[in-house]
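1. Okay, here's the prediction I keep looking at, along with the sequence it came from:
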Amino acid sequence: MGTGSTVHEGNLDQSAQNGRIRMSIAMLFVSLAGALILSAGGFPVWTRGFLFVPLFMVAFGALQGLHQVCPSHAAKGTREVGGQARKVADPEEVQRIRSEARTMMIESVAGAAVATALLFLLP
């Protein structure tokens with residue numbers, strides 16, 4: 001590895017990773033506030049299902065930040081560096097990142113579904 005080269009595990013740089021984690025934390029607070037309002041406010045239990053969306057965003061943002069992979073960039077075969085999209089040259093790396101992105105999407109949906117189901121258990 002030469003001087004000045006960068007090793008990328010995924011397709012997000014540190015700044016993009018941090019942004020995904022921050023978004024995830026913000027959506028966690030939105031989800032918790034929504035759960036509290038819907039639970040304590042006398043709303044029908046089925047309305048808690050609407051929290052699937054922010055809970056998905058919690059899981060999706062956290063996984064993007066932790067794995068350095070953005071599915072949108074993966075689909076395009078690009079990497080986010082310095083706020084700009086740059087083409088990934090290695091086709092094997094593109095395939096690896098796309099595979100990881102698909103797994104992240106499945107994990108995000110599953111995590112949000114489980115968290116939403118648990119909200120139905122609140123009094």
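-> On my side now, so go ahead.
2. low-scoring stretches of the protein, by residue?
-> 1-8 (pLDDT under 70).
3. quick one: the strands in it?
-> 78-81, 84-87 (DSSP state E).
4. Out of those strands, which gets nearest to residue 109?
-> strand 78-81 (22.8 Å; C-beta to C-beta). From N, CA and C alone the C-beta is placed, and that goes for glycine too.
5. now, of the strands of the chain, which is deepest in the fold?
-> Of all those, strand 78-81 has the most neighbours on average by mean count of other C-beta atoms under 10 Å, namely a mean of 20.
6. Not counting that one itself, show me its contacts.
-> Residues outside strand 78-81 that contact it (C-beta atoms under 8 Å, 6 or more residues apart in numbering): 8, 11, 12, 13, 16, 70, 73, 85, 86, 87, 88.
7. want to throw these into a markdown table with distance to residue 112?
-> Formatted as a markdown table, the contacts of strand 78-81 follow (distance: C-beta to C-beta, whole Å):
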| residue | distance to residue 112 |
| --- | --- |
| 8 | 27 |
| 11 | 23 |
| 12 | 21 |
| 13 | 26 |
| 16 | 22 |
| 70 | 18 |
| 73 | 21 |
| 85 | 27 |
| 86 | 30 |
| 87 | 31 |
| 88 | 28 |
